[in-house]
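> This is a predicted model, with the sequence first.
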Amino acid sequence: MPEKVQIRAIKGVRDILPPESRVWARVERAAQDVFGTFGFAEIRLPIFEQTELFARSVGGDTDIVGKEMYTFRDPVETAEGLFKAAFESFPDKVEREELPEDIRSMLAQSTPNVPLDKWKKISLTLPMLSEAMAHGESVSLRPEATASVVRAYIEHGMHTLPGDVKLYYMGPMFRRERPQKGRYRQFYQIGAEVLGQSDAPGIDAELIEMLFAFFGRVGLEGLTLDLNSIGCKECRPKYVELLRAELLKVKDKLGADSQRRIETNPLRVLDSKAPDEQAIIEELPRISDHLCEACKIHFAEVRRQLDIRGITYNLNWRLVRGLDYYMRTTFEITAPGLGSQNAVCGGGRYDGLVELLGGLPTKGIGFAIGEDRLMLSLEAAGKVVAEPSVDAFIVWMGASTQATAIKVAQRLRAAGIKVELPPEEFKFKKALGLADKLGARYAILIGENEIAAGKFTLKRLADAVQTSVTEVELLETLRAD
Ligand code: ATP
Ligand code: MG
């Protein structure tokens, strides 16, 4: 006898089962519909990428890259991969400068599609190369998708497309966080990005307008929009230095996390939820008093554009966002019913990111909605109503009626009606009992008498009212209801 094992889903991930999965599908369709009306098109992205993509864009100092990514080694398959692996294993032996001509031509022949100009000088012995090869390339499950969108934008030369490039995506993200309500290790985001030459504040406002149109469509209410500007590379570094200096003065009164962040990422201290740090944070200098002229004008115009659209917001100077690449406009939307994990959407502008990843200077702004939390909030508001999964249950009686039952099922399904057809003959009582348990709205009774008369018996299960109908009338009734 084989040993009995029970394999369960791993910690922090979960299955989304019917009927809940139907609500997820409805929410995703709403996103497709609403975003489509704003001119956004879907981009489908890989779930894993080179680790370097996230390290560069999200930032090495962030919790995400520092400790939350699922990273693993993939065996090397290309010359470029080998150099990358070699660079990671022996950084002082590989330079991105000058590659000897003989190696270059050898590699150009063996792997014509690999760009070698990035990898110029290499001084590795054979054992080192084979070690690097075994070590492999570092890849990571994506913790977020903006970096991938930007990578794809550059890789496919999308800057040549007319107008702003407006893309949305949806799918799973992975972060090794402490699992709790509204926080999972595999969670789902629906996000959108606008990339192009313009940073007109109207883009920021329209993106937020689109979010509210979407939340309105799915029926999520009681939302709060927090808004801030965190400046640009002109004014933010000066503010961060000032903040760091002020934080150093109160360092002893801060907790360990905040103390560490004074060095690594002082803006993140503003994010702290620690109760005894709140009074101290309130006294810190505020970015709004230190924005440069251009950022002040941009922010004022974003607010005016929101006003025109009738969108209300709270100014929140402590809203900084965790990712390094944000600048100017940042926003977060919180929803009721979620406890402390109440942010359902975060977003902001990232005008330097495309360049940081090797593209041309490009403006960008985007958001990501946490779909799991959106669903929890809908549930808390009693908005997760399972639609019936069966419109009509066909009860066929007598082997000679099966062929007719199959044809009726085919025609009803082709008309979009959800039909359950027993695969073998069921006793009448069992069939009706099952129709009831499945929540079917109607039972269609097909027996030899019905076939002879050219009519079916249609039974409405809610009140057991029975009518005798032709197939045309059957379709009309089911459609109308
Ligand atoms: P939080 O402060 O709640 O950790 P975050 O700043 O890390 O959020 P973002 O990276 O901006 O979140 O992601 C956007 C949205 O994705 C969040 O507002 C949230 O709704 C959702 N989200 C982020 N991490 C998780 C997670 N581990 N589980 C479920 N949803 C998440
Ligand atoms: Mg987080």
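Perfect, thanks for sending it. Ligands and ions are numbered 1, 2, ... in the order given.

> what does the stretch 51-200 of the chain put close to ligand 1?
Residues of the stretch 51-200 of the chain lying close to ligand 1 by Cβ under 6 Å from any ligand atom are 144, 175, 177, 182-184, 187, 189. Using the backbone N, CA and C atoms, a C-beta is placed for each residue, glycine as well.

> same thing but 8 Å
Residues of the stretch 51-200 of the chain found near ligand 1 (Cβ under 8 Å from any ligand atom) are 64, 143-144, 173, 175, 177, 182-185, 187-189, 191.

> how about the residues you listed in TSV, adding neighbour count and secondary structure?
Converted to TSV, those look like this (neighbours: other Cβ atoms under 10 Å; DSSP: H, G, I helix; E, B strand; the rest coil):
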residue	neighbour count	secondary structure
64	22	helix
143	22	coil
144	20	coil
173	21	strand
175	20	coil
177	16	coil
182	20	coil
183	16	strand
184	22	coil
185	19	coil
187	21	strand
188	20	strand
189	22	strand
191	25	strand
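
> Just name the closest of those to residue 375, please.
In terms of Cβ to Cβ, no member of these lies closer to residue 375 than residue 188, at 8.8 Å.

> I'd say that closest one and residue 371 touch.
Yes. Between residue 188 and residue 371 there is a contact under Cβ atoms under 8 Å: 3.9 Å.

> For the two, list the residues in contact with both.
Residues touching both residue 188 and residue 371 (Cβ atoms under 8 Å, 6 or more residues apart in numbering) are 24, 170.

> ok and the residue in the protein nearest ligand 1?
Closest contact between the chain and ligand 1, by Cβ to the nearest ligand atom, is at residue 370 (2.0 Å).

> For that residue, which non-adjacent residue is spatially closest?
Spatial nearest neighbour of residue 370, chain neighbours left out: residue 344 (5.5 Å); criterion: Cβ to Cβ, 6 or more residues apart in numbering.

> Also residue 336?
Nearest residue to residue 336, sequence neighbours excluded (Cβ to Cβ, 6+ apart): residue 222, at 4.4 Å.

> So the one you found lies in a strand, does it not?
No. Counting by DSSP: H, G, I helix; E, B strand; the rest coil, residue 222 is not found in a strand; it is coil.

> Make JSON lines from the residues of the stretch 51-200 of the chain next to ligand 1 and add pLDDT and distance to residue 285 to it.
Shown next, in JSON lines, are these (pLDDT from 0 to 100; distance: Cβ to Cβ, whole Å):
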{"residue": "64", "pLDDT": "88", "distance to residue 285": "27"}
{"residue": "143", "pLDDT": "97", "distance to residue 285": "31"}
{"residue": "144", "pLDDT": "97", "distance to residue 285": "29"}
{"residue": "173", "pLDDT": "98", "distance to residue 285": "34"}
{"residue": "175", "pLDDT": "97", "distance to residue 285": "31"}
{"residue": "177", "pLDDT": "95", "distance to residue 285": "30"}
{"residue": "182", "pLDDT": "94", "distance to residue 285": "32"}
{"residue": "183", "pLDDT": "96", "distance to residue 285": "31"}
{"residue": "184", "pLDDT": "97", "distance to residue 285": "36"}
{"residue": "185", "pLDDT": "98", "distance to residue 285": "37"}
{"residue": "187", "pLDDT": "98", "distance to residue 285": "34"}
{"residue": "188", "pLDDT": "98", "distance to residue 285": "37"}
{"residue": "189", "pLDDT": "98", "distance to residue 285": "33"}
{"residue": "191", "pLDDT": "98", "distance to residue 285": "32"}
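
> returning to what we had before: enumerate every residue touching the residue of the chain closest to ligand 1.
182, 187-189, 343-345.

> Among these, which pair sits farthest apart?
Using Cβ to Cβ, these span at most 14.5 Å, a distance reached by 188 and 343.

> Give me the neighbour count for the residue nearest to residue 225 when sequence neighbours are not counted.
Excluding the flanking residues, the one nearest residue 225 by Cβ to Cβ, 6+ apart is residue 313, at 4.3 Å. Applying other Cβ atoms under 10 Å, we find 17 residues neighbouring residue 313.

> Test my guess that residue 313 contacts residue 305.
No. Using Cβ under 8 Å, residue 313 is not in contact with residue 305; the gap is 11.3 Å.

> where does the stretch 351-481 of the chain dip in pLDDT?
Judged against pLDDT under 70, the stretch 351-481 of the chain has no low-scoring part.

> Tell me the residues of it that contact ligand 1?
Residues of the stretch 351-481 of the chain found near ligand 1 (Cβ under 8 Å from any ligand atom) are 367-374.

> As TSV, these with distance to residue 389 would be great.
Shown next, in TSV, are those (distance: Cβ to Cβ, whole Å):
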residue	distance to residue 389
367	32
368	31
369	26
370	27
371	21
372	22
373	25
374	22
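
> In helices only, show me these.
Secondary structure defined by DSSP state H assigns 371-374 of those to helices.

> in stretch 310-321, what counts as buried?
Going by neighbour count (16 or more other Cβ atoms under 10 Å), the buried part of stretch 310-321 is 311, 313, 316-321.

> which residues in the stretch 301-450 of the chain form helices?
Assigned by DSSP state H, counting those that start in this stretch, the stretch 301-450 of the chain shows helices spanning 353-356, 371-380, 402-414, 428-437, 448-453.

> What strands line up against the helix or strand following the last one, and which way round?
In the C-terminal direction, the helix or strand that comes right after helix 448-453 (DSSP states H and E) is strand 456-460. When sheet partners are counted by DSSP bridges, strand 456-460 sits next to strand 442-446 (antiparallel), strand 465-469 (antiparallel).

> how far off helix 428-437 does strand 456-460 point, in degrees?
Here strand 456-460 points in a direction 50 degrees away from that of helix 428-437 (axes from the mean of the first three to the mean of the last three Cα atoms, to 10 degrees).

> which other residues reach strand 456-460?
With contact meaning Cβ under 8 Å, 6+ apart, strand 456-460 is reached by 408, 441-446, 450, 465-471, 474, 477.

> that older thread, please report phi then psi for the residue nearest to residue 225.
Main-chain dihedrals, residue 313, degrees, to the nearest 10: phi -150, psi 160.

> same question, residue 193
Main-chain dihedrals, residue 193, degrees, to the nearest 10: phi -140, psi 150.

> Look up how far residue 343 lies from the residue nearest the centre of the chain.
The structure's the chain has its C-alpha centroid closest to residue 189; by Cα atoms, centre = their mean the separation is 1.9 Å. Per Cβ to Cβ, to the nearest Å, residue 189 is found 12 Å from residue 343.

> can you check residue 200 too?
Distance of residue 200 to residue 343, computed by Cβ to Cβ: 26 Å.

> so residue 284, which of the three states?
Put simply, residue 284 is coil when judged by three-state DSSP.

> which intervals of the stretch 51-200 of the chain have sub-threshold pLDDT?
80, 91-124.

> residue boundaries of the helices in it?
Per DSSP H, counting those that start in this stretch, the stretch 51-200 of the chain carries helices over the ranges 51-57, 63, 79-89, 101-110, 126-135, 146-155.

> how about TSV for those helices, with mean neighbour count added?
Shown next, in TSV, are those (neighbours: other Cβ atoms under 10 Å):
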stretch	mean neighbour count
helix 51-57	20
helix 63	17
helix 79-89	21
helix 101-110	12
helix 126-135	15
helix 146-155	21
